[in-house]
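Chemist: Quick one, structure for this:
(chains A and B)
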Amino acid sequence: MKITALLVLRCDGAGGSASSSGSSDPVVLANATDVSHFGYFQRGAAREFVLFVARTVAKRTPPGQRQSVQHEEYKVHCYNQNGLCALAVADDHYPVRSAFSLLNKVLEEYQKTFGESWRVQQTDADQPWPYLTDALTKFQDPAEADKLLKIQKDLDETKIILHKTIDSVLERGEKLDSLVEKSSDLSAASQMFYKQARKTNQCCTML
Amino acid sequence: MAQIPSLDNAHLNLASLREQSQKELLNILKNIRGKKCLVIDPKLGGSLSLLIQTSLLKENGAELRHLSAEPVETECTRILYLVRPQINLMKFISSNIQNDLSKGVQREYFLYFVPRRTVVCEKIFEEEKVHHLLTIGEYPFYLLPLDEDVLSFELDLAYKECFVDGDTSSLWHIAKAIHKLEFSSGVIPNVRAKGKASTKVTEILNSLQVEEPINSADMGIPEINTLILLDREVDMVTPMCFQLTYEGLLDEILQINNGSVEIDSTVMGGGQQDGKKIKVPLNSSDKLYKEIRDLNFEVVVQVLRQKATSIQQDYAEVKSTSQSVSELKDFVKKLNSLPEIARHVNLAQHLQSFTCKPSFHARLDIEQTLLELQNYEICFEYIEEMIHKQEPLVNVLRLLESKSNWLAIARALQLIVEDTDTANPNDISYIFSGYAPLSIRLVQHAIRSGWRSIEEIMKLLPGPHVDLKRSVSNSSSSQDANPVFQSNLDRIADGRRSLALVIFIGGITFAEIAALRFLSSQEGTGYDFIVATTKMVNGTTILETLMTNNS
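Modeler: Sure thing, here's the model as predicted:
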């Protein structure tokens, strides 16, 4: 099994229809492609092919969606996370689940590293992203991608437990909102103990 | 939350002091084989609740009972009385024993005096012809840590005894307690005392040093640098002022007893109106309480609102945005403070139901006006009005304290301070919203440059004063180990923080303790304080003691 390429793209627009005039092509933000298994003279064409397929699939993956597309002997997996897309060009044997774990990770790392700068990117990036190049090598073995899945699952479970803890603490005893209300009333009603007498020059206003 | 306060952050090893007391008590129990009924006088019981868990006593075979006029209900054949040397308590014990005898009940009786036996008390048993039935011992319990920086001698009647009855056994108790402390912390080099009782304690302390000298040569630098003793009598004005710190207010309105207040469960959000009362412990183990106890109440309500709101905001964020595991864990930690916040919001609400009353503000006006010696005539009209309306006599008495020479003292010591910022105070006068407690001003002077600089003012205040430096001569000749007294002032000027033990004979108020803590936190003071008092007091309790004993 093999992953030939990993890409990160920026795609606006809805995608989906073939003739979306006016919507621009996805911009390539990062590209790690391994064409070493091609013959020397076919490598250039192979690279072009990867770019073409990547852009096409990304354009047709609506935001928030994942999809896998068969193209000749390749399976292309794409996840569009609200405009930021991660895409893998793999073979038929590479497990789908592992591929999407990997794409999740790639997106997480991209955002950690580049923040939101991708939103204004207009042209294809010309510099390689080292992380992606390494990932392409590392995740040839789907077991590595599966490990990611486990970590993510554990994190998610921990979060669920913590959320439950938080909710149960807030259920017990004083409700947080009523506490805030009470303390706000208190501070609003609080009066200065300072010398009224001296300030107003009068003393002992009887009740 | 524990009722027994944590002493881990104390500047002195109070934890071991307390442990020692616990051990001694448990040894007394262990020395009596088998099950025994431990009968304690109720006031002592209150003190002991801050010393040791009752479960620990029970583990050592003790069945617990309170001493009263009623005979003790128990199956035990061994009875251990643990009592202070008071005549009325001796009479209870005597009648208990007589009751047993009349019923033909066979028992072994043990009587342990706290802290020491007295001839007067033992005479009672001789007169009642039960002395031969008693095995008598002593439990030398002199000092009870109330918190990490507050110690109590648990001497209820000290003020009245010393200044009204002329009985000085409580002064001996205080001197003995200091002397005992010095065995572990070293002889305290600097002593400043003001007042009849305080100077007497200094004398007794000196004679104790002669009787049982502490060999300072073996010990390092003494842990306590300065001892300041003040008679309550020196400043009777401060306790008569209504305390405005959170802890002070709690004491004035709810009465703090043995480190806790008792209130209706409905106040704390109990729900049912079943008249049940709950005890709320108040000490530095409650982190929020430690933060707010000494603040002026005006500021406390703001702090509570801030804390509650901040958690609410964090919660909103937790619910709406995706949080990392560590962020969620941080929030859970914050939530741990929620019960404390709730506790104090409820207490503050209860307090405010009192402080919002116009009568409360009018009363503060009077106090403040009296302190400034303004408009006496109008004040007297008001006081007459109060008497006419039959306001509790105690409150009226409080306002009628006479203050001769007050103006001179107030001016010289800058007791009245304009423009106090209670939220960001720079002076102890924030404690009473513009009045600096006289007693604490004296402490301020004592540590800054001694009382020499305010000699004239000291003469206006009641009682003699003493300013001395103690040293123990080298133990090269043990017969020569007489303490040498010099009356020159000496300051430790090497930049280290020093520890001062401040003792109030006759009682201290929570507000004064707050002032000392504030003083300690100010830059330039260079001192940490440990406070010791015969008992915690406020104006009401001082007057009540005087009144009930006069009737």
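Chemist: May I ask you to confirm that A:Ser184 belongs to a helix?
Modeler: Yes - assessed with DSSP: H, G, I helix; E, B strand; the rest coil, A:Ser184 lies in a helix.
Chemist: Neighbours of it, how many?
Modeler: When neighbours are counted by other C-beta atoms under 10 Å in any protein chain shown, A:Ser184 registers 15. Any C-beta I mention is one placed from the backbone N, CA and C, and that applies to glycine too.
Chemist: Ok, B:Leu229 next?
Modeler: With other C-beta under 10 Å as criterion, B:Leu229 counts 27.
Chemist: Pretty sure it sits in a helix.
Modeler: No - read with three-state DSSP, B:Leu229 is strand and lies in no helix.
Chemist: Show me what secondary structure element comes after the helix or strand containing B:Val443.
Modeler: Secondary structure assignment for B:Val443, by DSSP states H and E: helix B:438-448. Per DSSP H and E, helix B:438-448 leads on to helix B:455-460 as the next helix or strand towards the C-terminus.
Chemist: Return the set of buried residues in that next one.
Modeler: B:Ile457, B:Met458 (16 or more other C-beta atoms under 10 Å in any protein chain shown).
Chemist: Count the neighbours of the nearest residue to A:Leu107 once chain neighbours are set aside for me.
Modeler: Leaving out its chain neighbours, the residue that sits closest to A:Leu107 by C-beta to C-beta, 6 or more residues apart in numbering or on different chains is A:Ala86, at 4.9 Å. If you count neighbours by other C-beta under 10 Å, A:Ala86 ends up with 29.
Chemist: so where does A:Ala86 fall, helix or strand?
Modeler: For A:Ala86, the element it lies in under DSSP H and E is strand A:84-91.
Chemist: Ok, B:Met268 next?
Modeler: With DSSP H and E as criterion, B:Met268 is part of no helix or strand.
Chemist: gap between it and chain A?
Modeler: From B:Met268 over to chain A the distance is 9 Å, taken as C-beta to the nearest C-beta, to the nearest Å.
Chemist: Report the contact partners of that residue.
Modeler: By C-beta atoms under 8 Å, 6 or more residues apart in numbering or on different chains, B:Met268 lies in contact with B:Ile278, B:Val280, B:Arg343, B:Asn346, B:Leu347.
Chemist: And these, which of them are buried?
Modeler: Buried subset of these (neighbour count, 16+ other C-beta under 10 Å): B:Val280, B:Arg343, B:Asn346, B:Leu347.
Chemist: between these, which is nearest chain A?
Modeler: Checking the buried ones among the contacts of B:Met268 against chain A by C-beta to the nearest C-beta gives B:Asn346 as the nearest, at 7.7 Å.
Chemist: In contact with B:Ala69, which residues?
Modeler: Shown in contact with B:Ala69 (C-beta under 8 Å, 6+ apart): B:Phe92, B:Ser95.
Chemist: Buried residues in the longest helix along chain A, which are they?
Modeler: Ranked by residue count and defined by DSSP state H, the top helix of chain A is helix A:142-171. Going by neighbour count (16+ other C-beta under 10 Å), the buried part of helix A:142-171 is A:Pro142, A:Ala145, A:Asp146, A:Leu148, A:Leu149, A:Lys159, A:Leu162, A:His163, A:Ile166, A:Val169, A:Leu170.
Chemist: again, but for stretch A:54-67
Modeler: Under 16+ other C-beta under 10 Å, the buried positions of stretch A:54-67 are A:Ala54, A:Arg55, A:Thr56, A:Val57, A:Ala58, A:Lys59, A:Arg60, A:Thr61, A:Arg66.
Chemist: just to confirm, which helix or strand has the residue nearest to A:Leu149 when sequence neighbours are not counted in it?
Modeler: For A:Leu149, the nearest residue in space outside its immediate sequence neighbours is A:Ser101; the separation is 4.3 Å by C-beta to C-beta, 6+ apart. Using DSSP H and E, A:Ser101 maps to helix A:96-114.
Chemist: Report the angle between that helix and helix A:142-171.
Modeler: Angle between the axes of helix A:96-114 and helix A:142-171 is 70 degrees (criterion: axes from the mean of the first three to the mean of the last three C-alpha atoms, to 10 degrees).
Chemist: could I have helix A:96-114 exported to CSV, CA atoms only?
Modeler: Output in CSV follows, covering the C-alpha atoms of helix A:96-114 (Å, rounded to 0.1, in the frame of the first residue of the first chain):
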residue,chain,number,x,y,z
VAL,A,96,-9.8,4.6,4.3
ARG,A,97,-10.1,5.1,8.1
SER,A,98,-6.4,5.5,8.5
ALA,A,99,-6.3,8.0,5.6
PHE,A,100,-8.8,10.3,7.3
SER,A,101,-7.1,10.1,10.7
LEU,A,102,-4.0,11.3,8.9
LEU,A,103,-5.9,14.1,7.2
ASN,A,104,-7.2,15.3,10.6
LYS,A,105,-3.7,15.3,12.0
VAL,A,106,-2.4,17.2,9.0
LEU,A,107,-5.0,19.9,9.4
GLU,A,108,-4.4,20.2,13.1
GLU,A,109,-0.7,20.6,12.5
TYR,A,110,-1.2,23.1,9.7
GLN,A,111,-3.3,25.4,11.8
LYS,A,112,-0.9,25.1,14.7
THR,A,113,1.9,26.1,12.5
PHE,A,114,0.4,28.7,10.1
